[in-house]
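*Asks:* model the structure of this input:
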Amino acid sequence: MAYKVKLLPLALLDLRKAKKWYREKNELLAEEFKTEVEKEVDYIGKYPYHYQQKYKELRQSLVSRFPYAVFYLIEEERKKVIVFGVLHTSRNPEIVRLRFKK
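*Replies:* Next up, the predicted model:
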């Protein structure tokens, strides 16, 4: 059974900024980025336990073809996945950990 995936507003902002950056380079690349992120989020919804825990209950998956990571938490009792952030892998993951603590 697939889990429902919810992207927090800050995660959506992360995605908008990243897509805008790619769009400035190449419109096609921006669409490919969006597609790859959507594939990864769908996969997380189907197999949320596939990725190991990185910080307490927070897990991290990597987006194919792009240097981005999806940080998420599983709410097992509600069959829900909450995405806290989508960050470039060169950025400090502490950004998402601070979001998680709030």
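*Asks:* which strand or helix spans the most centrally placed residue in the chain?
*Replies:* Ranked by distance to the mean C-alpha position of the chain (C-alpha atoms, centre = their mean), the top residue is residue 70 at 2.5 Å. In this assignment (DSSP states H and E), residue 70 forms part of strand 68-75.
*Asks:* what residues are up against the residue nearest to the centre of the chain?
*Replies:* Shown in contact with residue 70 (C-beta atoms under 8 Å, 6 or more residues apart in numbering): 37, 40-41, 44, 60-63, 83, 85-86. C-betas here are computed from N, CA, C, even on glycine.
*Asks:* quick one: the helices in this protein?
*Replies:* Ranges of helices in the chain, per DSSP state H, are 9-25, 27-46, 94-101.
*Asks:* residue 53 is nearest to which of those helices?
*Replies:* helix 94-101 (11.6 Å; C-beta to C-beta).
*Asks:* quick one: the helix or strand bottoming out on mean pLDDT in the chain to chain centroid distance?
*Replies:* Counting by mean pLDDT, DSSP states H and E, the weakest-scoring helix or strand in the chain turns out to be helix 94-101, with a mean of 82. Here helix 94-101 is found 13 Å from its chain centre; the criterion is C-alpha atoms, centre = their mean, to the nearest Å.
*Asks:* cool, and stretch 14-21?
*Replies:* 12 Å.
*Asks:* stretch 4-20 too?
*Replies:* 8 Å.
*Asks:* so residue 55 touches residue 95, yeah?
*Replies:* No: look at residue 55 against residue 95 with C-beta atoms under 8 Å: they stay out of range, at 11.6 Å.
*Asks:* residue contacts, the spatially closest residue to residue 80 that is not a sequence neighbour?
*Replies:* Spatial nearest neighbour of residue 80, chain neighbours left out: residue 4 (5.0 Å); criterion: C-beta to C-beta, 6 or more residues apart in numbering. Contacts here follow C-beta under 8 Å, 6+ apart; on that basis residue 4 touches 45, 78-81.
*Asks:* and those, which two are furthest apart?
*Replies:* 45 and 78 (13.1 Å).
*Asks:* same drill for those two, tell me which one is more crowded.
*Replies:* residue 45 (17 against 11; other C-beta atoms under 10 Å).
*Asks:* thanks again, I'm all set now.
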